[in-house]
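Colleague: What follows is a predicted protein model with its sequence.
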Amino acid sequence: MTENGALVTVTDDNFATEIEGSDGLAMVDFWAAWCGPCRMVAPIVEQLAGQYSGQVRVGKLDVDSNQQTTTRFNVRSIPSILFFKDGKLVDTVIGAVPKPALERKIQEHL
């Protein structure tokens, strides 16, 4: 696990521990370095990680390096942001969306 402030780097190896093993709400950004819309969403995800620090576990998963988890959750379009509550998938947002849309999703599940 690598943490940058409140942002966690999630991988195939640590997904079970970091996301499925965590209590409360977790948000995981499935992204790739070559994806333009992913680069647009990245600063929003980082802002939300700081804004909801202590309330929401926020992670980023590189789909190119972590295909096992990407396939397991049937992520076919990126960016995809998956929301987990107490380790269970509860919601998905596909595509580059504005910060208020992600904030609404977080508030729905807190």
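Modeller: Sure thing, it's come through.

Colleague: Which secondary structure state does the most centrally placed residue in the chain sit in?
Modeller: Central residue of the chain (CA atoms, centre = their mean): residue 28, 1.2 Å from the mean position. Taken by DSSP: H, G, I helix; E, B strand; the rest coil, the conformation at residue 28 corresponds to strand.

Colleague: excluding its backbone neighbours, what's nearest it?
Modeller: Nearest non-adjacent residue to residue 28, counting by CB to CB, 6 or more residues apart in numbering: residue 59, 4.6 Å away. Every residue, glycine included, has its C-beta placed from N, CA and C.

Colleague: Which strand or helix spans the one you found?
Modeller: Here residue 59, judged by DSSP states H and E, is contained in strand 56-62.

Colleague: Which SSE is immediately downstream of that strand?
Modeller: Using DSSP H and E, the helix or strand that follows strand 56-62 in sequence is helix 67-72.

Colleague: Let's see the helix or strand following that next one as CSV, backbone CA atoms only.
Modeller: Past helix 67-72, further along toward the C-terminus, the next helix or strand under DSSP H and E is strand 80-85. Extracted C-alpha coordinates of strand 80-85, given in CSV (Å, rounded to 0.1, in the frame of the first residue of the first chain):
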residue,chain,number,x,y,z
SER,A,80,-14.8,4.2,-13.4
ILE,A,81,-15.3,5.1,-9.8
LEU,A,82,-16.6,2.3,-7.6
PHE,A,83,-18.1,2.8,-4.2
PHE,A,84,-17.8,0.1,-1.5
LYS,A,85,-19.6,0.1,1.9
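
Colleague: Residue numbering should commence at 27 henceforth.
Modeller: Renumbered: residue one is now 27, and that last one reads strand 106-111.

Colleague: Report the rounded mean pLDDT for strand 106-111.
Modeller: Mean pLDDT, strand 106-111: 98.

Colleague: how about that strand: buried residues?
Modeller: For strand 106-111, a neighbour-count test (16 or more other CB atoms under 10 Å) marks 106-110 as buried.

Colleague: Other residues contacting that strand?
Modeller: Residues from elsewhere that reach strand 106-111 (CB atoms under 8 Å, 6 or more residues apart in numbering): 45-46, 48, 50-56, 67, 71, 99, 101, 115-121, 123, 128, 131-132, 135.

Colleague: Fine by me, thanks again.
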